[in-house]
Structures are given as structure tokens and as C-alpha cells.
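K.L.:
from the sequence below, what's the structure:
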Amino acid sequence: MVKNAKREWVVSYLGSAKRRFRDPNILEFRKELKRQCDTAPRHCRFMDCTMQFTRSQLPCEDHPETALLELASAIFCLQPPGDTPTRKSVFDSLLTGCIPVFFSNLTAHLQYSPFGFLPHDPHLYSITLSQESIANSSSSFVQYLLNIPPAHIHEMQQTIIYKIMPHIIYAHPTGSTTFHDAMDIGLQYLLTTLNHD
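P.N.:
Below you'll find the predicted structure:
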């Protein structure tokens with residue numbers, strides 16, 4: 001399904017551009033992301049996760065299957081920080097083959113790479129953009145993503161499908177998987193750490 005997904009959007013943003021955050025700058029930044037997305041309706045899709053369920057708006061937590069289908073329909077998925085830098089949506093997007101777009105190294109790179117869940121080189125599977133330049137409207141994230149060569153996009157998608165997905169899912173205990181899943185990676189890291197102490 002992931003390899004053959006029809007990706008009709010260049011970029012998708014599932015989140016909120018309305019609710020209050022502890023840092024008011026976060027809300028302003030998210031509003032700017034939505035504004036830029038709204039100016040490029042052929043390429044960018046914004047799904048407001050604070051709205052009631054309609055044909056195009058839903059509370060993302062109550063309907064995770066619909067949110068996952070939305071992520072699977074885009075090449076890139078925005079991952080702006082909220083009250084904390086990390087987002088559950090990072091792993092949702094990776095599981096759907098959607099390339100995450102980060103605005104802070106704390107969102108995933110510095111959190112999960114040391115444990116072996118994600119590659120140490122973030123350029124292999126993600127895009128990082130300057131939050132400051134987007135916040136002051138000096139650059140368009142949509143235009144930046146449109147300019148990424150298709151060959152590089154394909155390489156990142158291959159890395160996500162073949163190198164990351166097996167590390168962030170849990171295989172069925174009685175299944176016949178031959179790869180190391182999330183449990184294997186976590187235990188391997190724990191044992192390596194204990195052996196070094």
C-alpha cells in the first residue's frame with residue numbers, strides 16, 4: 001500500500017492553527033504555515049485537527065485511520081513543534097511513507113537517532129527548514145519542497161520504506177519476520193548501554 005500510494009498532494013499539514021500553546025510564537029508560526037498552505041491549494045493540504053468531523057476536517061485523534069490516509073496522500077508532511085518539540089505525527093507520517101518536514105532538530109533527530117530507530121543522517125529521510133525564515137514570510141516552504149529533485153525524493157522514500165519502517169513497527173510475536181523490529185532495536189540499545197557501564 002505505502003509503495004504504491006497515490007500521493008496527490010506535495011505537502012500535507014495535519015494540526016491546529018487555532019488552539020493555544022504555552023509559547024504564543026508557536027501558534028503564530030502554525031498560522032503562517034497554514035497561510036502559506038492556503039496560497040498553494042494545488043500543492044498543499046491543511047487538515048485542521050481541532051474542527052468537528054466534516055468531509056475535509058476531523059479530530060485526528062478520534063479518527064486515526066482517516067488521518068493516516070491523509071498522510072499517505074502526500075509526499076511531504078509538516079511536523080511543526082507544539083507544546084513540546086516531539087510529535088506523534090512524525091511516526092504516523094513515516095509509517096505511511098510520507099517524508100517528514102522538520103523545523104527543529106529536537107523533533108526527532110536528537111530524540112530517536114541515537115537509539116537506532118532513525119538513521120543518524122537526517123538528510124536520508126527528512127527535510128529540515130528554518131522556522132525563523134518561514135515565520136517572517138521570507139521563504140515559502142511549498143516552493144522549497146517543489147524544487148527538490150524527484151530522484152532525491154525517491155531516495156528518501158526508499159530509506160523510509162526499507163530502513164526505517166521495520167525499526168519502528170512491532171512484528172507479530174508468532175510471525176515469520178526476518179528483520180529487527182522496534183522491540184529488537186530497543187533491547188539491543190539497552191544491552192549495549194549496560195555492557196558499556
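K.L.:
what about residue 88, distance to residue 149?
P.N.:
Distance of residue 88 to residue 149, given as Cβ to Cβ, to the nearest Å: 30 Å. C-beta: built from backbone N, CA, C; applies to glycine.
K.L.:
likewise for residue 97?
P.N.:
The value you get for residue 97 to residue 149, if Cβ to Cβ is used, is 18 Å.
K.L.:
what's the answer for residue 19, then?
P.N.:
36 Å.
K.L.:
looking only at neighbour counts, state which of the two leads.
P.N.:
More crowded of residue 19 and residue 149, by other Cβ atoms under 10 Å: residue 19, with 14 against 8.
K.L.:
where does the more buried one land in three-state SS?
P.N.:
Counting by DSSP: H, G, I helix; E, B strand; the rest coil, the backbone at residue 19 sits in coil.
K.L.:
where do the helices of the chain begin and end?
P.N.:
Taking DSSP state H as the criterion, the chain carries its helices at 24-38, 64-72, 88-95, 109-112, 131-135, 141-146, 150-159, 165-168, 182-196.
K.L.:
which of those helices is buried the deepest?
P.N.:
The highest average neighbour count among the helices of the chain, using mean count of other Cβ atoms under 10 Å, belongs to helix 88-95 at a mean of 20.
K.L.:
check which helices and strands that one sits against.
P.N.:
On a contact count with 3 or more Cβ pairs under 8 Å, 6 or more residues apart in numbering; DSSP states H and E, helix 88-95 meets helix 64-72, strand 74-79, strand 99-102, helix 165-168.
K.L.:
what's the angle between the first one and strand 74-79?
P.N.:
In other words, helix 64-72. Angle of helix 64-72 versus strand 74-79, following axes from the mean of the first three to the mean of the last three Cα atoms, to 10 degrees, is 110 degrees.
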